[in-house]
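Peer 1: quick one: sequence plus predicted model below, questions after.
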Amino acid sequence: MFLLPASQFLNLFSALFSHYRRHPLQLLALALMIMLSTMLWTGVNYLTTQARASLGQSEQAVAARSQLERVDGQALTVADFVTLRRAGLCVMPWLEVERPGQAGRLVGIDPLAAGCFAQTAPAVGNNSPEPEESPATSKKPEPAWAPALNGEPFVDISEAAALAQNVAPRNVSLSLLIVPPEPASALPADYRMKGFSLGPDTGELGDSFLLNLDALGFLVLLITALLLRSVYQLGMAQRRDSFALLHRFGVIPSAINRVLLVEILLLALLSVVPGVWLGRLLAGTVSGGFGQALDSLFDTPLYAGQSENWLTPTVTMMAIVLVVCLAQNVRALLLRMAAGLPFALPAKLLTGFGLRPWPWLALPLAAVGLAMALLAQSLPLVFFAVALVFAATGIAAPFAIAALSASLARKTREPLARWRHTELGVMARRLALPLVALQFALAMVLAVQALVTVFEATFDEWLGQRLAADYFIEVPAGASANAAAQWLAAQPELAQRGDWHQVVRGVAQVPSADSQAKTVDLFALGPVSPLLTMWSLQAAGDQPWQGFAAGEGVMVNEQLARRYPLAVGDSLALTLADTRLELPVLAIYADYGRPAGEVLINLDLLPAGYVPEFESFSISPGASDIELITDDLQRLWQVDSVRVRDNKRIRELADAVFDQTFLLTRAMTFVTLVLAAVALLIMGWVFFSTRAWYFRLLQVWGLTRRQVLAQLGRLALTLTLSITLLALPLGVWLTWVLVHRINPLAFGWSLPMAIYPGFWLQLGVVSVLVGLSITLLMRSQLGGSGPKPVSAASLQGDER
Amino acid sequence: MTEPLLKVRGLCKHFASAGQTVNVLSGLELTLAPGESLALMGRSGSGKSTLLNILCGLERPDAGSVGIAGEHFAADSNANGQNQQRWAMLRRQRIGVVFQEANLMPALSLLDNVRLRARLAGQRDKHCGDWLTRLGIGELAQRYPDQVSGGQRQRAALAMVFAMRPSLILADEPTGSLDARTALEVADELFHQQAASGCALILATHDSALAARCGQRLDLAQLGA
């Protein structure tokens, strides 16, 4: 076996493994670390994969599909369906019924009619993405146009029609979905196509969420790798004497390495498989709510569920464990290979040009990283900058603690304090890897927490502004929005106690640097009601809403302001239809969730010839009855029904989705923090155990056990609190990078920067708990006869 | 007659091992006056280290009593917490302990080790350097334990003990890990400084030549179970 006779191999294996028989806790700690690391990474990886698949499906579900409407504005009937099917067009009735007294809605479809949609699925819709294969399995996501008629929420159209008899007409809407015919002229002249959407689009917010999960997964992998390496290295340091002894007995180092490889392979295999299982369990537990929220929002089973792929996480984590634990051996192997090369550069690179690691390297790395994070204009560069700054702090943190403790030791005249300071320096060096892992985990948790909290608050506020009106009424095709506006303005009840404004959406042209006009979204509103003036603005001149109401200028969203770039007071040239306007920018407003640039103008500025893409009214009826208003509008527009959206419900659904996604992110970061804390606890305990003799020596020299424990506690607490303190600036900086650099570069919008000292205190409590736990665990070891003292000769100078 | 520094009466200690009870000390009687020295002899496991641990309060006897420097400790006393405080104070100020190895804090220089020990004993640390010089390692004062030889570390350990000006030194095979010549030099220093300081010495050793230099000998193997 491995070029050794089996019996010799087993003897050697037994001799080497005897270390773990003597230190079963160390073996347990290593196995536990591998298992927990695997669990965490598998969990994050599964969630990322499933979230990506889920959001992919949701995009398909809500992608703008096509529906038909009558040119004369009349409601569609069964006769229309029959006419169109007879004309050879693929159309499907889609009857939505609000369930009385229940949340959600039922969708009635005709499964027979849906058949042609399934066959032509990839071609459906204007922006319909290609159907993706689930990354984990080759199972295709369930297409939204051919859902299973399981009664929840899709039912046969006859059932939906029966139900519709018992609900108010405004809660029923019939649409005819169509696969756009080729050629377009095949569509009968009485009909025209328009967009059809199942619900609000998560769009870039979903991408942002996935990006966060990806970054989290990477950071988790880094942290777990550091933790694994630190636990393994500690064991190796203790086994060095055994290796030397075996070497003296004639065992060649390569044989020892082979046995160690088999040992770690076995251990990894035994720990990784349950870790993967636990990770799937974890992901399943926290993702349930996420899936439900998606289902609820999009009215279709969107959560992709869990795949059955065990191989990828198992192999990935096995590889990580092997590389991390056997890095020294890999390096030695590479060095041997490099030595055979005719040029020396590879070998020099592998040995770091003979330089010692590298506290001085932290400074230039940090400087370059910070500058790059500030100035970089591409996302990969910002990520690289983050990596540089993390590397710099990872190098510098243990060194900083050790240097500070050395400085304190030099300054103090009290010998016991001097011993404590120098001991702290030793610990900082020996526990560098788990300390850095804890620092990263703390910084990550802090940043994610701040990001999520600020995101929640900002998104909540923004959603509150955009959905400030109670109802949203869509103007039917062919109907006069202006007539409706005049009618609404004439309603005394609405004027006194209600608020409303008219919304027109379309596009406008703005000049660009390459002299080709660019299209931006146009958002025209009027009259200016309190529903608008409550918007919080990122930047504004004096009394912006008054200026806006008077048509003295426009407002632009943050995305356009960044891209153009525009500031308050700048002049913006707009082309609307054939009319050119040049107006100053009165304010810049936040517009989350999409990358498009947008101009907000007063409705009165729209030229007569402007063709809107979409028109609606936002209404808070006050004491008026919305049903009466819609009935009157229906009569005014001479249509059978008016589509009314309850903004409160939209808000609830959106909140539900984001609550779940934030909960998920928080859960993951919390588990990472727990893992890092447990790792430091185990490492601290193991490390203190190796130095228990020196604490016993203090007892021999006349300190009581309680006094010795107090010394130990001070040391452990100083260490954990120091690393927490060092994690704070890193975490705050990471928050800033996330909200001010990564988000704008990725999505075009930024979030306000906020810090939460209350949460810092919570992290401080975690570090205090870790320190106290180490002290408590050591308590029992100080009572008995301590472990064999480590001779000073074997210390190899690491004490200074 | 000089008042005894140490008075041990009926001291018993047993350990349970593999389901059997092993008596290592059975009714031990011992008296030691200031300035006297006693060699504890006996094979490995005969209870030398256990006795030294009991004599400095790191282990509790099963029966008997120990009187040391005016303090009395009975095995059947219920005042365990108080006793621990008193033993700690004795170890801090009156009893110096030297082990075979690992007597020094590796993170401190030799001088800082001596200073720490002296300061804990309530002694001023300005003479600590002198003690290192007297023991022949004055020039190594700023070195760390891993930067000096085993013999030099043991000399530093002796300097620590003498710097605290103890009444009693408990030395557990202090030369056991040294070569013969270094062992002799360290032993010379130990006996020389012990005589000069007038403290009592209990020395656990296998070395009969070393034991012969002590005023009294006690063979635990003969007394044991």
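Peer 2: Alright, I've got the coordinates. What you are looking at is a predicted structure, and each value in this text was computed from that prediction instead of being measured. Residues are numbered from 1 along each chain as shown, chains lettered A, B, ... in the order given.
Peer 1: use CA for all of it now, contacts and neighbours both
Peer 2: Fine.
Peer 1: for chain A, what are the nearby residues on chain B?
Peer 2: B:56, B:58, B:84-85, B:87-93, B:96-97, B:101-103, B:105-108, B:112-113, B:115-117, B:119-120, B:145-147, B:150 (C-alpha under 8 Å from any C-alpha of the partner chain).
Peer 1: ChimeraX command for the buried members of these?
Peer 2: Of those, the buried ones can be selected in ChimeraX as follows, counting by 16 or more other C-alpha atoms under 10 Å in any protein chain shown:
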select /B:56,58,84,85,87,88,89,90,91,92,93,96,97,101,102,103,105,106,107,108,112,113,115,116,117,119,120,145,146,147,150
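Peer 1: the residues of chain B next to chain A in helices, which ones?
Peer 2: Mapping the residues of chain B next to chain A onto helices (DSSP state H) picks out B:84-85, B:87-93, B:112-113, B:115-117, B:119-120, B:150.
Peer 1: tell me where the stretch 101-250 of chain A has strands.
Peer 2: Taking DSSP state E, counting those that start in this stretch as the criterion, the stretch 101-250 of chain A carries its strands at A:105-109, A:154-156, A:172-178, A:191-196.
Peer 1: need those in a markdown table (columns: mean pLDDT and distance to A:P380).
Peer 2: Output for those, formatted as a markdown table (pLDDT from 0 to 100; distance: least, C-alpha to C-alpha, whole Å):
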| stretch | mean pLDDT | distance to A:P380 |
| --- | --- | --- |
| strand A:105-109 | 71 | 43 |
| strand A:154-156 | 70 | 43 |
| strand A:172-178 | 76 | 41 |
| strand A:191-196 | 74 | 36 |
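Peer 1: return the most buried member of these.
Peer 2: Ranked by mean neighbour count, the strands of the stretch 101-250 of chain A are led by strand A:105-109 with a mean of 24 (mean count of other C-alpha atoms under 10 Å in any protein chain shown).
Peer 1: list the contacts of A:L712.
Peer 2: A:695, A:775 (C-alpha atoms under 8 Å, 6 or more residues apart in numbering or on different chains).
Peer 1: tell me which residues of stretch A:631-645 come out buried.
Peer 2: So stretch A:631-645, judged by 16+ other C-alpha under 10 Å, has buried residues A:631, A:633-634, A:637, A:639, A:641-645.
Peer 1: tell me the SS of the residue in chain A positioned nearest to chain B?
Peer 2: Nearest residue of chain A to chain B: A:G702, at 3.7 Å (C-alpha to the nearest C-alpha). Under DSSP: H, G, I helix; E, B strand; the rest coil, A:G702 falls in the coil class.
Peer 1: with adjacent residues omitted, what lies nearest to it?
Peer 2: B:R92 (3.7 Å; C-alpha to C-alpha, 6 or more residues apart in numbering or on different chains).
Peer 1: same deal with A:P530?
Peer 2: A:D499 is the one closest to A:P530 (C-alpha to C-alpha, 6+ apart), at 7.0 Å.
Peer 1: now swap in A:L537 and tell me
Peer 2: A:Y589 (4.6 Å).
Peer 1: what about that neighbour, neighbour count?
Peer 2: 22 (other C-alpha atoms under 10 Å in any protein chain shown).
Peer 1: what are the bridge partners for it, then?
Peer 2: Taking DSSP bridges as the rule, A:Y589 bridges to A:L537, A:N557.
Peer 1: residues contacting A:L531?
Peer 2: A:465, A:468-469, A:499-500.
Peer 1: just the ones of the residues you listed in strands?
Peer 2: Using DSSP state E, the members of the contacts of A:L531 that fall within strands are A:499-500.
Peer 1: between the contacts of A:L531, which is nearest B:K13?
Peer 2: The shortest gap between B:K13 and any of these belongs to A:Q465, at 81.3 Å (C-alpha to C-alpha).
Peer 1: neighbours of the spatially closest residue to the closest one that is not a sequence neighbour, how many?
Peer 2: The shortest distance from A:Q465 to any non-neighbouring residue, by C-alpha to C-alpha, 6+ apart, is to A:W535 (5.7 Å). Number of residues near A:W535 (other C-alpha under 10 Å) recorded here: 17.
Peer 1: hang on, A:W535 in a helix?
Peer 2: No: using three-state DSSP, the assignment for A:W535 is coil, not a helix.
Peer 1: quick one, strands of chain B?
Peer 2: Using DSSP E, strands in chain B cover B:6-17, B:20-32, B:37-41, B:63-68, B:71-74, B:95-98, B:168-172, B:200-204, B:216-219.
Peer 1: mind putting the ones you listed into a markdown table with mean pLDDT?
Peer 2: What follows is the strands of chain B, written out as a markdown table (pLDDT from 0 to 100):
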| stretch | mean pLDDT |
| --- | --- |
| strand B:6-17 | 87 |
| strand B:20-32 | 86 |
| strand B:37-41 | 92 |
| strand B:63-68 | 91 |
| strand B:71-74 | 88 |
| strand B:95-98 | 90 |
| strand B:168-172 | 91 |
| strand B:200-204 | 92 |
| strand B:216-219 | 89 |
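Peer 1: which single residue in chain B comes nearest to chain A?
Peer 2: Counting by C-alpha to the nearest C-alpha, chain B gets nearest chain A through B:R92, at 3.7 Å.
Peer 1: all helices for the stretch 451-600 of chain A, in order.
Peer 2: A:481-489, A:492-497, A:530-533, A:544-549, A:558-563 (DSSP state H, counting those that start in this stretch).
Peer 1: among those, which is nearest A:R331?
Peer 2: Nearest of the helices of the stretch 451-600 of chain A (C-alpha to C-alpha): helix A:558-563, 46.8 Å.
Peer 1: mind listing what's buried in whatever helix or strand A:L365 lives in?
Peer 2: Assigned by DSSP states H and E, A:L365 belongs to helix A:359-375. Within helix A:359-375, the residues that count as buried by 16+ other C-alpha under 10 Å are A:359, A:362-363, A:365-366, A:368-370, A:372-373.
Peer 1: in a markdown table, list those along with pLDDT and distance to chain B.
Peer 2: Listed next are the buried residues of helix A:359-375 as a markdown table, based on pLDDT from 0 to 100; distance: C-alpha to the nearest C-alpha, whole Å:
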| residue | pLDDT | distance to chain B |
| --- | --- | --- |
| A:P359 | 74 | 21 |
| A:A362 | 87 | 26 |
| A:L363 | 88 | 28 |
| A:L365 | 91 | 31 |
| A:A366 | 93 | 31 |
| A:V368 | 95 | 36 |
| A:G369 | 94 | 35 |
| A:L370 | 95 | 36 |
| A:M372 | 94 | 40 |
| A:A373 | 92 | 40 |
